[in-house]
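Asks: The following comprises the amino acid sequence and a computationally predicted model.
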Amino acid sequence: MARTTLAPWGVPTTRMFDELRQEMNSLMEQFFAPEADGREQRWFALRTNLVESDKEFEVTIDLPGMKAEDFNIEIREGNLWITGERKCESLSEGKVFRRVGRSYGRFEEVIPLDSPVKEDQVRAEYKDGVLHLVVPKAESAKPRKIEVKSA
């Protein structure tokens, strides 16, 4: 009796899933690899809004419970980089976490700025756990109206 599978390449299904499982395990091991000091390395994604107008980019990022010195802001190669780390809370003796819903660990947000910007005029304000950035566009990036002459 001929065996038919849905695998399009004639690869036995079990081998195909074994390879997928190995790749996923490798990815997870890289992502959650222990740091040099033995702690588990964690990453989390930031909650970010990006608004663009003719004049500027406005970026708003939620960073609750952090201090301004816990993160860095840079413009590199036409991208806005926000990196940092939120430390895990430590518990006193006799206490255990019953639920963990807050994210902690390292974060890295790279926002492509699709227009030239005035890097020396970027404004950043951090208040009540919200980082607000205004990145002005360079004059060359702003739209220019072209006057049409009629004959």
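Replies: Structure's in. What do you need? Since we're looking at a predicted model, the values are computed, not measured. Numbering: from 1, shown residues only.

Asks: give me the low-pLDDT residue ranges for this protein?
Replies: 1-14, 16, 29-43 (pLDDT under 70).

Asks: Now with 80, please.
Replies: 1-17, 25-45, 88-92, 97-104, 141-143, 151 (pLDDT under 80).

Asks: Just want the most central residue of it.
Replies: residue 109 (3.1 Å; CA atoms, centre = their mean).

Asks: Please tell me how far that residue sits from residue 44.
Replies: 10 Å (CB to CB, to the nearest Å). Backbone N, C-alpha and C define where each C-beta goes, glycine included.

Asks: likewise residue 72?
Replies: 16 Å.

Asks: out of these two, which sits in the more crowded spot?
Replies: Of the pair residue 72 and residue 44, residue 44 is the one with more neighbours under other CB atoms under 10 Å, namely 14 against 11.

Asks: ok, how many other residues are close to the nearest residue to residue 80 once chain neighbours are set aside?
Replies: Excluding the flanking residues, the one nearest residue 80 by CB to CB, 6 or more residues apart in numbering is residue 111, at 4.3 Å. Applying the criterion other CB under 10 Å, we find 17 residues in the vicinity of residue 111.

Asks: give the contact list for residue 48.
Replies: 59-62, 109, 111 (CB atoms under 8 Å, 6 or more residues apart in numbering).

Asks: Next: residue 112.
Replies: Residue 112 touches 78-79, counting by CB under 8 Å, 6+ apart.

Asks: Residues in a beta bridge with it, which ones?
Replies: Per DSSP bridges, the residues bridged to residue 112 are residue 79.
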